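# no FASTA, just this:
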C-alpha cells in the first residue's frame, strides 16, 4: 500500500522517534525525532532529516558537520509510533565525535566508556 | 562512576525510551519506555522491564508470553535521554509474533512486509 507519513502515530508534540542503525554493521548509532515533514524529506532526499527539539528546526544530519546519514531503508514498527532508519553513516554519528551515541555501558553498577572519539 | 537511574533524563511523563537489540545478531527488536524504577528493576533482575503507558504498570517483557528479554548490557546515550538494551530474546519480541516490531519497510513509496510471524 502507498505510504503516507500522516498515517504514523506522533506524540503530543507531533514527533516520532527514529532509531538510526548502520546498515553494514548493525550498530545502533543514535535516536532522534522526526515530524511528518521530516519523514517526508528523509524519503524524498535520501538524507536522514530529523526535527531538532532544541532548535525547533529541521536538522539534516551532517549538513554542517559533513557526517551525513544516507538512507538505505526506513522501517515502521507494529504500533506505527517508532521508526528504524538503516543508514550509511559518514564519520561519527555522535556530536562527541564517537561513532555511536551509545558509548556508555553499565557494568557491575558502574558507567564504563566503551567507545573513544574517532580520529579527526 | 557508580550508576544511579535518577541521573538519566526523563520526559515530562518520567519516561525514557529504550531500544532493545538482539546481542547475537544486531537486529533491532523493539522500542519501549522505562521509568527510573523500571531501569533499576531491569539492572537488578536481568530481565528487561518496561513501563507500559497503556496499562500504567510495570511490564516485565515476556512475563505472560514467555518471550523474555534477558539483559546482556544496558547502554546510555550521550544526552542520557535514551537507552540501548542488548538482549537475548526468547521467541518473538513483537506482539504480532514476529521476531522484530520493525517488520514494515518503505520501498518505492509502498509499505512492504519483510518479516513473517514465527511458527507457533
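Thanks, I have the structure now. Everything numeric here is computed off the predicted structure, so don't read it as measured data.

# Next, the residue nearest in space to the middle of chain A: secondary structure please.
With distances taken as Cα atoms, centre = their mean, the residue of chain A nearest its centroid is residue A:20 (3.8 Å). Secondary structure, DSSP: H, G, I helix; E, B strand; the rest coil: residue A:20 is strand.

# Surely it touches residue A:87?
Yes - the pair residue A:20 / residue A:87 is scored as a contact, 5.2 Å apart, by Cβ atoms under 8 Å. Every residue, glycine included, has its C-beta placed from N, CA and C.

# if I look at these two, which residues touch both of them?
Here residue A:20 and residue A:87 have A:29, A:48, A:69 as joint contacts, going by Cβ atoms under 8 Å, 6 or more residues apart in numbering or on different chains.

# and which of the residues you listed is nearest to residue A:14?
Residue A:14 has its nearest neighbour among these in residue A:48, at 18.2 Å by Cβ to Cβ.

# Which residue comes closest to that closest one once chain neighbours are left out?
Spatial nearest neighbour of residue A:48, chain neighbours left out: residue A:69 (3.9 Å); criterion: Cβ to Cβ, 6 or more residues apart in numbering or on different chains.

# what's the spacing between the one you found and residue B:20?
According to Cβ to Cβ, to the nearest Å, residue A:69 stands 22 Å off from residue B:20.

# repeat for residue A:101
Taking Cβ to Cβ, one finds residue A:101 at 16 Å from residue B:20.

# Am I right that residue A:44 sits in a helix?
Yes - judged by three-state DSSP, residue A:44 forms part of a helix.

# what does stretch A:5-24 rub up against?
A:27-37, A:39-40, A:43, A:48, A:50-51, A:53, A:61, A:69, A:72-73, A:76, A:79-89, A:93, B:17, B:19, B:26, B:28, B:31.

# among those, which are in strands?
A:28-34, A:50-51, A:69, A:72-73, A:76, A:83-89, B:17, B:19, B:28, B:31 (DSSP state E).

# Mark which of these are buried, thanks.
A:28-34, A:50-51, A:69, A:76, A:83-87, A:89, B:17, B:19, B:28, B:31 (16 or more other Cβ atoms under 10 Å in any protein chain shown).

# From residue A:86, how far out is the residue of chain A found nearest chain B?
Minimum separation of chain A from chain B (Cβ to the nearest Cβ) falls at residue A:26, amounting to 2.7 Å. Applying Cβ to Cβ, the value for residue A:26 to residue A:86 is 9 Å.

# swap in residue A:107?
When residue A:107 is compared with residue A:86 (using Cβ to Cβ), they lie 28 Å apart.

# Now stretch A:57-76: buried residues?
In stretch A:57-76, counting by 16+ other Cβ under 10 Å, buried: A:59, A:60, A:61, A:62, A:67, A:68, A:69, A:70, A:71, A:74, A:75, A:76.

# Now tabulate the residues you listed in TSV and tack on distance to residue A:8.
TSV is the format used below for these (distance: Cβ to Cβ, whole Å):
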residue	distance to residue A:8
A:59	18
A:60	20
A:61	19
A:62	23
A:67	26
A:68	23
A:69	19
A:70	22
A:71	16
A:74	11
A:75	12
A:76	7
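
# from these, which two are the most distant?
Farthest pair in the buried residues of stretch A:57-76 (Cβ to Cβ) is A:67 and A:76. Separation: 25.1 Å.

# Next, the contact list for residue A:86, please.
Residue A:86 neighbours (Cβ under 8 Å, 6+ apart): A:21, A:22, A:23, A:71, A:72, A:73, A:74, A:75.

# hang on, the last one packs against residue B:101?
By that I understand residue A:75. No - checked against Cβ under 8 Å, the pair residue A:75 and residue B:101 is beyond contact range at 9.2 Å.

# tell me the pLDDT at residue A:49?
On pLDDT, residue A:49 comes in at 98.
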